[in-house]
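Engineer: From the sequence below, what's the structure:
(chains A, B and C)
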Amino acid sequence: MIALADCNNFYASCERVFNPKLKNKPVVVLSNNDGCIIARSNEAKKLGIRMGEPAFKAKDIIEKNDVYVFSTNFALYGDMSNRVMSIIGNMVPSFEVYSIDEAFLNFSGISNYTDICSKIMKVVNKSTGIPISIGLAKTKTLAKVANHIAKKHTKENIFVLDNSSKVLSVLKRFPISEIWGIGRSRLKMLNFYGVKTAYDFIKLDERWVKQNMTIEGLRMHKELKGELCYLVQYSSQNKKSICTSRTFSRDIDNIEDLEQAISNHAMRCSEKLRKQKSSARYIGVFINTNRFKNQSQYLSSHRSILLDTATNDSIEIIKASIRLLRSIYQKNYYYKKSGVIVGDIIPENEVQINLFNQFADHPQRSDLFRKIDLINKTMGRDTIRVLSQGHPRNWKLKQENLSPCYTTRWDDLLRISS
DNA sequence: TCTGGGGTCCTAGGACCC
DNA sequence: TCTGGGGTCCTAGGACCC
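Structural biologist: Numbering: from 1, shown residues only, chains lettered A, B, ... in the order given. Take a look at the predicted model:
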């Protein structure tokens, strides 16, 4: 069995822990710049305040009903999350932290899972003040369904989907829109073909699902029928890309302010990189205009580069980010959002080098491999990894199209190795 | 010179999640 | 007036290889 443990109304619940007078009162938490509503207590949900709604649209409801409003405090939520997760971790053999407020628990080979889950709910609530719900089933996707029911249709906030007839009767009433992995676009497509419930969906032919919804749709299909596709991953994985972005509280129309923001974002990205002991080989910068202001002028620009050598050095990342920003900056637009992405992340102590095709018949090539071997032997295995090797036929053509950052690679390597 | 099947690598962008 | 931030996975298509 797999369980999904999910904190109820997490951010709103966190605020409540430190402010007892909020008990049984409507509470909402707002996003950056107090823009959107991103968490609601049950009382706030009952008032008809919608998830993701702009705060100004809900202003009337908020004022009339004395709703308590908070700006986000991510330091607090992160800290509370760690506490909840470590309690859960102490009570189950293996589990996966799926998001700030959710964890999948692995109960394979364990029969008293409901007892353990009830106990987890009690202990977490008693020692952190955060209420949680747990759904149990054979697969992650079904555990999500069970969790949904636990939250909305049970008093105890726990629900077990343990036999196939129970699963079928639940799926017959479960709207397809609520299934994990069905978003706006897939919902529209499925509705077009008359699929309204999860049961309608599992009755579809697997080949049709694969063809129309790719491999992800097929996995969803199988998981809903009880076939395991997503395993509980108990070891925490490093991020594969890291992004820092913000919406400005006002429109920006000059490059100085943008440079300032991009520098900060780049700094935060490098900090996150170093924290997970990684380096990035790819840097991207994007800026968007205000998409609500003038739709015909909406502009979204993104530029990126691959670096010669992976880095997590703040100065290098900032410099590259500013260069990218300058290459995409355009006047006459009012920028509203900016961000930096670092990607192709590799462990800190490794250097990755792409041997591009223009070097394939380089007379020093065999020499190079000898040097790489030598470096790896003295510095440790995989200090330098050769990612791809090209063919001489490609040489001339490639060379013309290469961006400057590639062409130095050969010299850099020779310098490193000599 | 023309032809095809079976690959790899890379990028851009869609769709989804919390 | 005011509309979030941070991720993952997958596919298509170009350009190239044998």
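Engineer: what about A:A103, distance to A:K151?
Structural biologist: 15 Å (CB to CB, to the nearest Å). The C-beta positions use only the backbone N, C-alpha and C, and glycine is treated the same way.
Engineer: cool, and A:S81?
Structural biologist: 18 Å.
Engineer: Pull up the residues of the stretch 1-150 of chain A that are close to DNA strand C.
Structural biologist: Residues of the stretch 1-150 of chain A lying near DNA strand C by CB under 7 Å from any atom of the strand: A:S31, A:N32, A:N33, A:G35, A:C36, A:I38, A:G52, A:P54, A:F56.
Engineer: Kindly list the main-chain dihedrals of whatever residue of the stretch 151-300 of chain A ends up closest to DNA strand B?
Structural biologist: Relative to DNA strand B, the nearest point of the stretch 151-300 of chain A is A:G183 (2.2 Å; CB to the nearest atom of the strand). Note on A:G183: its backbone torsions stand at phi -110, psi -160 [degrees, to the nearest 10].
Engineer: so how many other residues sit close to it?
Structural biologist: Neighbours of A:G183 under the rule other CB atoms under 10 Å: 8.
Engineer: re earlier: so which of A:A103 and A:K151 has more stuff around it?
Structural biologist: A:A103 (24 against 20).
Engineer: Helix, strand, or coil at that one?
Structural biologist: Following DSSP: H, G, I helix; E, B strand; the rest coil, the label given to A:A103 is strand.
Engineer: just checking, it touches A:A5?
Structural biologist: Yes: counting by CB atoms under 8 Å, A:A103 does reach A:A5; the two are 5.0 Å apart.
Engineer: what's the overlap in contacts for these two?
Structural biologist: A:I88 (CB atoms under 8 Å, 6 or more residues apart in numbering).
Engineer: if we can go back for a sec, among the residues of the stretch 1-150 of chain A next to DNA strand C, name the ones in strands.
Structural biologist: A:I38 (DSSP state E).
Engineer: which among the residues of the stretch 1-150 of chain A next to DNA strand C gets closest to A:I262?
Structural biologist: A:I262 lies nearest to A:N32 out of those, by CB to CB, at 16.6 Å.
Engineer: Spell out which residues sit in contact with that closest one, please.
Structural biologist: So A:N32 contacts A:T72, A:R246, A:T247 (CB under 8 Å, 6+ apart).
Engineer: List buried members of those residues by neighbour count.
Structural biologist: A:T72 (16 or more other CB atoms under 10 Å).
Engineer: Could you dump the contacts of A:N32 into CSV and include pLDDT, secondary structure and distance to A:E316?
Structural biologist: As requested, these are exported to CSV (pLDDT from 0 to 100; DSSP: H, G, I helix; E, B strand; the rest coil; distance: CB to CB, whole Å):
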residue, pLDDT, secondary structure, distance to A:E316
A:T72, 93, coil, 31
A:R246, 92, strand, 22
A:T247, 92, strand, 26
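Engineer: mean confidence score for stretch A:253-265?
Structural biologist: Stretch A:253-265 shows a mean pLDDT of 93.
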